[in-house]
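>>> coordinates for the following, if possible.
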Amino acid sequence: MKKEDKALLIDSFVEKLNNYPHFYVVDVTALDSQTTSDLRRECFKKNIKLQVVKNTLFIKALERVGNEDFEALKPILKNTTGIMFCEVANEPAKLIKAFAKTHGDMPALKGAYAEESVYIGADQLDTLAAIKSKNELIADVVAMLEGPVNSVLSAIDGGATIHGLLDAIEKKGE
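Numbers count the residues shown, from 1 in each chain. Below is the predicted model of the structure:
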């Protein structure tokens with residue numbers, strides 16, 4: 001590969017690292033072309049960008065980005081490596097779990113950078129799958145806030161007086 005081509009690939013990786021907040025490093029060594037094609041199709045459906053990388057070039061891209069957290073990912077960049085770039089932190093983990101069930105535990109998770117944290121090893125897959133997305137967290141907060149507000153509104157609609165409500169709140173606080 002020419003030096004210019006390598007520089008273009010590194011630039012492409014740097015751009016993706018800057019544009020996507022999360023990425024997964026997966027081992028795709030044992031995948032044949034048909035299985036790889038199936039994996040790419042599933043990634044496309046989930047809005048995940050899958051790219052097989054040359055490890056040394058990806059390491060140079062990590063270094064160029066300059067994020068100190070990425071240092072922990074360098075040792076896992078061995079064998080045939082695929083990078084899954086995504087917007088939602090837990091989507092690739094869910095996809096890997098589902099895909100591996102029918103394809104002999106492949107692709108195997110090597111590591112990930114999700115929600116500004118580094119995860120190393122296949123044993124982190126369940127943890128990554130359980131990470132809640134920003135929208136899921138917002139929905140949880142709204143649901144928690146909605147309960148007390150609905151209680152107050154239903155009490156007011158039920159004919160309770162403000163005085164009675166305040167007394168009930170005071171008694172609950174004791």
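>>> now stretch 32-51: buried residues?
Thr35, Thr36, Leu39, Arg40, Cys43, Ile48, Lys49, Leu50, Gln51 (16 or more other C-beta atoms under 10 Å). The C-beta positions use only the backbone N, C-alpha and C, and glycine is treated the same way.
>>> off-centre distance for it?
Chain-centre distance of stretch 32-51: 16 Å, with C-alpha atoms, centre = their mean, to the nearest Å.
>>> could you do stretch 55-62 as well?
Worked out by C-alpha atoms, centre = their mean, stretch 55-62 lies 21 Å from the chain centre.
>>> contacts made by that stretch with the rest, please.
6, 9-10, 13-14, 17, 70-71, 73-74, 77-78, 81, 83 (C-beta atoms under 8 Å, 6 or more residues apart in numbering).
>>> ditto for stretch 105-122
By C-beta under 8 Å, 6+ apart, stretch 105-122 touches 22-28, 30-31, 35, 39, 69-70, 72-73, 76-77, 81-82, 89-90, 92-93, 96, 99-100, 124-125, 127-128, 131.
>>> are any of those residues buried, and which?
Neighbour-count burial within the contacts of stretch 105-122 applies to 22-28, 31, 35, 39, 70, 73, 76-77, 81-82, 89-90, 92-93, 96, 99-100, 124-125, 128, 131; the criterion is 16+ other C-beta under 10 Å.
>>> out of those residues, which sit inside strands?
Among the buried ones among the contacts of stretch 105-122, DSSP state E puts His22, Phe23, Tyr24, Val25, Val26, Asp27, Thr81, Gly82 in strands.
>>> check contacts around the last one.
What that stands for is Gly82. Val25, Val26, Asp27, Val28, Leu50, Gln51, Val52, Val53, Pro107.
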